[in-house]
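Participant: Turn this into a model:
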Amino acid sequence: MRTLLTFCVMALWFVAAAWAQIPRAITYQEYFDKVHGGWTGKALGLAMGVPKEYEEPWPPSQFEYFAQIPGHFSDRASGDDVYVPLVFQLAFQHYGIHPTQEQYLGEWDRRLFSGRIWGSLDQALDHYRAGIKPPKTGLPGYNQGWNDMGSQMSTDLIGWISPGLINTAAQMSAYASGVMNSGVGADGGIFTSALESEAFFTSDPEQLVRKARSVLPAGSQFGEMIDDLLRWRKEEPDWRLTRQRMASKYNPGLNREDPAGLIQGGVLTLALLYGNGEFAKSMLIAQKCAWDSDTNASTVGGILGTMLGLSHLEPRWSMVLHDTYENYCIRGLPRWMTFSDIAHDTVGIGDQVIRNNGGQVTGAREDRVYRIPVQQPVRIEQEQPASPAFIEENEREMELFYRVKLKGVTDGWDPQWTLTMASFETKPEVLQDYFGRRKVLKVQPGARGAVLSRTLMLALHKHHYLRVGVAHHPTVLCEQTGAPEVGSWRLEVLADGNRVGTYNVSTQGGQVVWEDPQFDLTRYAGKTIKLLMIAYQTYAEFYKSSLTSY
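Facilitator: All right, here's what the predicted structure looks like:
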């Protein structure tokens, strides 16, 4: 009897194991509908969240349908949450389904108009343009935004091209995220891709979250936070109280940037767990949690749009954008696009990913049926922890790289000054003549500014003033819209790390106007000091500086 019982149990186990490995099937039409819903949901969440980004009050305002969603996107609301993953898609179309990290960055460099990215991706591109290779471009010490939400907002696309292939999505996302993020920042991208991948076949939000959590590295703080949220959801029915609990543990100072990727991932998870699979409710919770309300609502909208498919979204949401995306930010694409066409291209890439990962395809064209092998989740390997020593070492290495790269730039301008940091989107140069002044240093600040340094000794018992000519480049027209873009920049002067003064520089009626601010250094008389001039934001022009003493 015992032998027979054992045999029966074993037989049942083999049946269950075989059943678990049966490929999951999805038709081309279903696949397209879910991808179309994902792109549309992502765009809707973006449009809803942008007006109150970092400005949503807490406690939150009352739930409501966001009636101010525009019929199309404006310049700002064309949104990096949509156009950055769209450039990801262009990289896959250009290089195939396995672009290198340098190819990802190269595509962003070629495709994005100037001034259209921020945070970790902006810094990664600055480093790439200067010649620093990924993954250093995303490491702590090199990239100040290494733990931000850049990867979270960018990697939905990887989940959409890997339907049901959760390990494939996680591995591709870990690699792609590494160009701009590390640690919890990269984990946010891995988690988002895994959510999108499983959303094609999972309609239970809690099951979806648990499945995506299972691919995160062992010991991940991001994973610890998700475990907390899963537990708190069972203990606390009010999402607002859970939000406060999460903030207290993972963002005690309510600092928008500490660490941004972790807390934004928490909002994403909280909205999924408390939204009960409802598109509007989930997206509104993400927006009402505050912090980065556009990225959070956008990511949640993309996941729910994928889970439901466009055909199952309420018309008040699915119809509001008229299937239209207005492109202000990507070179080489038309001004007006449809989410249908964008989704069609996504599915085309996904077709290759499915075939390349053991999927079977029967039928042709729109009659295709995909049979996708089941992947049991495997944890991504943990990266080197971001210890203070690791960050300091990378910081020193990065600063040395720029010093060497920029060596000699100021020789033809003022050799007493050394340029130690600048963006290479526009290479620094000395102009022989610039709007009436000769030998002008033109630099473009990056995320860390443009930094000029010199050491000098100031005589005792004298008054000392630093005087420097500054100007702004002429007003330029946006390449896509033709609208004028009038920028500005800020000059900050530091002596031995202490702020001496600041000066704001901007165009005057679109014309270049030279100004000559003066900074008082008298309190440092009798001392040898390290003097820094730091330009922040857009282009900056420096006329030869002078030190006056009397």
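Participant: Tally up the residues packed near the residue nearest to residue 96 when sequence neighbours are not counted, please.
Facilitator: Leaving aside its chain neighbours, residue 96 sits nearest to residue 352 (7.7 Å; criterion: C-beta to C-beta, 6 or more residues apart in numbering). To be clear about C-beta, it is placed using only N, CA and C from the backbone, and glycine gets the same treatment. When counting by other C-beta atoms under 10 Å, one arrives at 14 neighbours for residue 352.
Participant: And for residue 344?
Facilitator: Going by other C-beta under 10 Å, the residues that sit close to residue 344 add up to 13.
Participant: What are the contacting residues of the helix or strand hosting the residue nearest to residue 96?
Facilitator: Element membership of residue 352 [criterion: DSSP states H and E] is helix 339-356. Residues from elsewhere that reach helix 339-356 (C-beta atoms under 8 Å, 6 or more residues apart in numbering): 28, 31-32, 35-36, 38-40, 43, 86, 89, 92-93, 96-97, 157, 160-163, 165, 168, 321, 323-325, 361, 368, 370, 372.
Participant: Quick check: next helix or strand after it?
Facilitator: Past helix 339-356, the next helix or strand by DSSP H and E is strand 360-362.
Participant: what about that next one, distance to the chain center?
Facilitator: Here strand 360-362 is found 35 Å from its chain centre; the criterion is C-alpha atoms, centre = their mean, to the nearest Å.
Participant: got it, and stretch 323-337?
Facilitator: Chain-centre distance of stretch 323-337: 19 Å, with C-alpha atoms, centre = their mean.
Participant: Now it: buried residues?
Facilitator: Neighbour-count burial for stretch 323-337 flags 323, 325-330, 333, 337 (criterion: 16 or more other C-beta atoms under 10 Å).
Participant: Excluding residues flanking it in the chain, which one is nearest residue 88?
Facilitator: In space, and not counting its chain neighbours, residue 88 is closest to residue 157: 4.8 Å by C-beta to C-beta, 6+ apart.
Participant: What is the neighbour count of that neighbour?
Facilitator: 31.
Participant: now residue 316
Facilitator: The number of residues packed near residue 316 is 11, by other C-beta under 10 Å.
Participant: Can you say which helix or strand has it in it?
Facilitator: Judged by DSSP H and E, residue 316 forms part of helix 315-318.
Participant: Could you check that helix and say which residues are buried?
Facilitator: For helix 315-318, the neighbour count (16+ other C-beta under 10 Å) marks 317-318 as buried.
Participant: returning to what we had before: relative to residue 422, how far out is the residue nearest to residue 88?
Facilitator: Distance of residue 157 to residue 422, computed by C-beta to C-beta, to the nearest Å: 32 Å.
Participant: same question, residue 228
Facilitator: Using C-beta to C-beta, one obtains 43 Å as the distance from residue 228 to residue 422.
Participant: Between the two, which is the more surrounded one?
Facilitator: The neighbour comparison of residue 228 against residue 422 (other C-beta under 10 Å) goes to residue 422, with 28 against 17.
Participant: State the pLDDT value of that one.
Facilitator: Looking at residue 422, its pLDDT is 94.
Participant: Then residue 537?
Facilitator: Reported pLDDT for residue 537: 74.
Participant: go on, the one 5 residues further on?
Facilitator: With respect to pLDDT, residue 542 scores 57.
Participant: Mean confidence (pLDDT) on whichever helix or strand residue 172 is part of, please.
Facilitator: According to DSSP H and E, residue 172 maps onto helix 166-177. For helix 166-177, the mean pLDDT works out to 97.
Participant: Is it correct that residue 262 is in contact with residue 222?
Facilitator: Yes. Look at residue 262 against residue 222 with C-beta atoms under 8 Å: they come within range, at 6.1 Å.
Participant: Distance of the closest residue to residue 102 other than its chain neighbours relative to residue 163?
Facilitator: In space, residue 102 comes closest to residue 134 once its chain neighbours are excluded; the distance is 6.2 Å by C-beta to C-beta, 6+ apart. To residue 163, residue 134 is 27 Å away according to C-beta to C-beta.
Participant: which residues sit in contact with residue 488?
Facilitator: Residues near residue 488 by C-beta under 8 Å, 6+ apart: 472, 504-507, 537-538.
Participant: Recalculate using a threshold of 6 Å.
Facilitator: Contact partners of residue 488, counting by C-beta atoms under 6 Å, 6 or more residues apart in numbering, are residue 506.
Participant: Where does pLDDT dip in this protein?
Facilitator: The chain contains residues with pLDDT under 70 at 1-20, 63-78, 252-259, 476-487, 508-510, 538-550.
Participant: mind redoing it with 80?
Facilitator: For the chain, the stretches flagged by pLDDT under 80 are 1-21, 49-58, 60-78, 113-116, 251-260, 293, 383-384, 473-488, 506-512, 537-550.
Participant: show me the contacts for the residue nearest the centre of it.
Facilitator: Geometric centre of the chain, nearest residue: residue 150, 2.0 Å, by C-alpha atoms, centre = their mean. By C-beta under 6 Å, 6+ apart, residue 150 lies in contact with 119-121, 180-181.
Participant: cool, residue 169 as well?
Facilitator: Going by C-beta under 6 Å, 6+ apart, residue 169 touches 158-159, 162, 193-194, 197.
Participant: Pull up the gap between it and residue 155, please.
Facilitator: Distance from residue 169 to residue 155, counting by C-beta to C-beta: 8 Å.
Participant: what about the residue lying closest to residue 374 once chain neighbours are set aside, how many residues close to it?
Facilitator: Nearest residue to residue 374, sequence neighbours excluded (C-beta to C-beta, 6+ apart): residue 21, at 5.6 Å. If you count neighbours by other C-beta under 10 Å, residue 21 ends up with 10.
Participant: and what of the one 5 residues further on?
Facilitator: Residues lying near residue 26 (other C-beta under 10 Å) number 22.
Participant: same question, the one 5 residues further on
Facilitator: Burial measure for residue 31: 24 neighbouring residues, criterion other C-beta under 10 Å.
Participant: All further residue positions should be reported with the first residue as 593.
Facilitator: Okay, residue one is now 593; in that scheme the one you just asked about reads as residue 623.
Participant: part of a strand, is it?
Facilitator: No. Judged by DSSP: H, G, I helix; E, B strand; the rest coil, residue 623 forms no part of a strand; its state is helix.
Participant: Could you find the closest non-adjacent residue to it?
Facilitator: Excluding the flanking residues, the one nearest residue 623 by C-beta to C-beta, 6+ apart is residue 939, at 5.7 Å.
Participant: Can you give me the neighbour number for the one you found?
Facilitator: When neighbours are defined as other C-beta under 10 Å, residue 939 has 21 of them.
Participant: quick one: it and residue 753, what's the gap?
Facilitator: Counting by C-beta to C-beta, the gap from residue 939 to residue 753 is 8 Å.
Participant: isn't residue 1018 right next to residue 1038, touching?
Facilitator: No. Between residue 1018 and residue 1038 there is no contact, the gap being 10.4 Å when judged by C-beta atoms under 6 Å.
Participant: the more surrounded of these two?
Facilitator: Just comparing residue 1018 and residue 1038: by other C-beta under 10 Å the higher neighbour count belongs to residue 1038, 22 against 14.
Participant: Just want the phi and psi numbers for that one.
Facilitator: phi -100, psi -160 (degrees, to the nearest 10).
Participant: so what's it bridging to?
Facilitator: Counting by DSSP bridges, residue 1038 forms beta bridges with residue 1041.
Participant: Verify the stated contact: it with residue 718.
Facilitator: Yes. Taking contacts as C-beta under 6 Å, residue 1038 lies within contact range of residue 718: 4.0 Å.
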